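K.L.:
The sequence and its predicted three-dimensional model are supplied below.
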Amino acid sequence: MDAGPKTLVELKARYEDLGKARALMAGGDHVGTYKQVDTYFSTGERRLKVRTIDGQKEGQLVYYERPDTGGVKESRVLLALLPDAGAVLEILRRVLPVLTEVRKTREVWRYRGVQVHLDTVRGLGRFVEFEKVLKDESEREEGGRDLEALRAYLQIPPEDLMASSYSDLVETQRP
């Protein structure tokens, strides 16, 4: 995702068979596979994280607002590219309490205008996430339909849809 403010629709679900998802994405573009660490900071109801990627000095600072509801939901995201993610992470660790860290391997695909993430999250399992950036508000309904069509294509049952962030799930698993 490019830097700057964005509005997008997204959907996240548990999805244990990532091999099946890869096969279904065969008509899409595989962007890459990345080992990521998302460090979330305690900011109340809102979410702020620094994303670092193994082997890269650069990273991302991500602020987002999103309802904790299952299915397709709208998110407002503000993303800044960080030339030195480690330094920014160290500064923020000194200023804000760390809420949690989420470690994952993420395969990024582009399929029919949707960015698809196949995630293996340490301690949580496997997931699929769809994101479609909206150019303007008029695309919200069409974007939602695109994600629902992709959900049907991957045969994701309603009970596997997720309402919360990985960070919330990691937090609930702490003793």
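P.N.:
Done, it's in.

K.L.:
Let me know the secondary structure of the closest residue to residue 109 other than its chain neighbours.
P.N.:
Of all residues not flanking residue 109 in the chain, residue 116 sits nearest, at 4.2 Å (C-beta to C-beta, 6 or more residues apart in numbering). To be clear about C-beta, it is placed using only N, CA and C from the backbone, and glycine gets the same treatment. The three-state label given to residue 116 by DSSP: H, G, I helix; E, B strand; the rest coil is strand.

K.L.:
let's number from 9 now, not from 1
P.N.:
Sure, I'll start numbering at 9, so the last one becomes residue 124.

K.L.:
Buried ones in the longest helix along the chain, by neighbour count?
P.N.:
Longest among the helix segments of the chain by residue count, using DSSP state H, is helix 148-161. Judged by neighbour count using 16 or more other C-beta atoms under 10 Å, the buried positions of helix 148-161 are 148, 151-152, 154-156, 158-159.

K.L.:
Among those, which one lies nearest to residue 88?
P.N.:
Using C-beta to C-beta, residue 151 comes nearest to residue 88 of the buried residues of helix 148-161, at 23.7 Å.

K.L.:
Could you spell out the sheet neighbours of the helix or strand containing residue 40, each with its direction?
P.N.:
In the assignment (DSSP states H and E), residue 40 maps to strand 37-49. Partners of strand 37-49 in the sheet, by DSSP bridges, are strand 55-61 (antiparallel), strand 106-119 (antiparallel).

K.L.:
for the record, mean pLDDT for that strand?
P.N.:
The average pLDDT within strand 37-49 is 97.

K.L.:
Now do the longest helix of the chain: which elements does it pack against?
P.N.:
strand 12-22, strand 122-129, strand 133-142 (3 or more C-beta pairs under 8 Å, 6 or more residues apart in numbering; DSSP states H and E).

K.L.:
Go through the ones you listed and find the least confident stretch.
P.N.:
Looking at the helices and strands packed on helix 148-161, the lowest mean pLDDT belongs to strand 12-22 (a mean of 92).

K.L.:
Which residue or residues pair with the residue nearest to residue 117 through a beta bridge?
P.N.:
Here residue 124 sits in beta bridges with residue 117, residue 138, going by DSSP bridges.
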